Structure formats: C-alpha cells, structure tokens
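A.B. asks: Sequence plus the predicted model coming up.
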Amino acid sequence: MTGSIVIVSGLPGVGKTTVARELATRATRGAHLDTDQIGETLILSGLVAPGQEPAEEADRQLTLRRRNIADLARNFAEAGFDVAISDVVLWPELLEQYRAATDLPLRFVLLTATANTIAGRDAGRDKHVAEQWSHLREAQDDFDAPGLRLDTTGLDLDETLDGIRARWDDALI
C-alpha cells in the first residue's frame, strides 16, 4: 500500500503550511512535513535559519532538512500515508532533488497570490516573514513549474483545497 506525496510551495506567507496541513488532516492517513518546523523542532542548538549568517551554514542546514523531509515523506508514503510537504520550492533544481530523493510519484502545487493578499495573510499570523522574503517573487514568477499553479487571491482555505482536489491529476509531475 503506497500513499501519495505532494509538495505545497509558494512564497512565505501565501498559505502553503496551512494548506499542506489541511490536506494531510483531511486524508484518511495523512502526514504533514514542514521545512521550518523540522528545523526549529529538531535542531535544538546551533540552528542557523535561512537568511541568517553564516549563509553557508544556513544553506547546509536547509539542505539537511530537505534531505530528511524527503526520506520521511518516502517512508510515510510507503507505509500508506498521504504526505503533504510545505516548503519554498521555486527552482527546478530543488524540485528535481525532491523528486529524486523521494523516488515515488510526486505532486507539486505552487500557490500564488498578489503581494497585498500575502501581506494581509502574513499580518494575521504570529510569524511575520512575507516582507523579508518578498524578493523571491521574481524567482516564483520566472519558475515554469510543472504540476499545478494555483492563484489563491480571493480564495479561502476551503476554496483553495477544492481547487487543488479538482486538479489533483494536473499536479502529478
């Protein structure tokens, strides 16, 4: 029995963690793996988060997180869980690394929204990061991502989930 793996990506503040968590919650057997949570929960000392210095160490730790997330996702999926990963994946090379590491069918959903929508969502949560990472919008816009690109401007959580489920097969890469 094999479950599924979906990566829910997008700019910080777009709602990818909320959407991925809800996809896993609504599955019969679901697991949610969040890049930020993996780093902040498991690294108890010496954490260097993305954007912090030294940059080389931040990059090394982020690569380690993603390698572990891919391994966990594969293990859960092989045990019959539907896995939703939330991560900022805006580059073809990174998506290919996930695909190779999971070695199972993979779905990719890129959530987008206007800058004002993201700012509003970011303002309504405890963790405010949208402005800090707004420079990634160019990478998002330039990324000709396979899978499903969904503009969530004006959509609530249920409408976003309905949009993903309606085009679930389109997300398969």
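C.D. replies: Structure's in. What do you need?
A.B. asks: I'd like the distance between A84 and R21.
C.D. replies: 7 Å (Cβ to Cβ, to the nearest Å). Using the backbone N, CA and C atoms, a C-beta is placed for each residue, glycine as well.
A.B. asks: Which one of these two is surrounded by more residues?
C.D. replies: Using other Cβ atoms under 10 Å as the criterion, A84 and R21 rank with A84 on top: 30 against 17.
A.B. asks: For stretch 105-117, C-alpha coordinates in PDB please.
C.D. replies: The C-alpha coordinates for stretch 105-117 follow below in PDB (Å, rounded to 0.1, in the frame of the first residue of the first chain):
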ATOM      1  CA  PRO A 105       5.200   9.600  -7.800                       C
ATOM      2  CA  LEU A 106       5.200  13.200  -6.700                       C
ATOM      3  CA  ARG A 107       2.700  16.100  -7.000                       C
ATOM      4  CA  PHE A 108       3.700  19.700  -7.000                       C
ATOM      5  CA  VAL A 109       1.300  22.600  -6.100                       C
ATOM      6  CA  LEU A 110       2.600  26.200  -6.400                       C
ATOM      7  CA  LEU A 111       0.400  28.600  -4.600                       C
ATOM      8  CA  THR A 112       0.500  32.200  -5.700                       C
ATOM      9  CA  ALA A 113      -1.300  35.300  -4.700                       C
ATOM     10  CA  THR A 114      -0.900  39.100  -5.000                       C
ATOM     11  CA  ALA A 115       1.600  40.900  -2.800                       C
ATOM     12  CA  ASN A 116      -1.300  42.600  -1.000                       C
ATOM     13  CA  THR A 117      -3.000  39.200  -0.300                       C
END
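A.B. asks: what does that stretch contact?
C.D. replies: Taking contacts as Cβ atoms under 8 Å, 6 or more residues apart in numbering, the residues outside stretch 105-117 that touch it are 4-11, 14-16, 19, 89-90, 95, 98-99, 121, 134, 137, 140, 143, 145-154, 160, 164, 168, 171-173.
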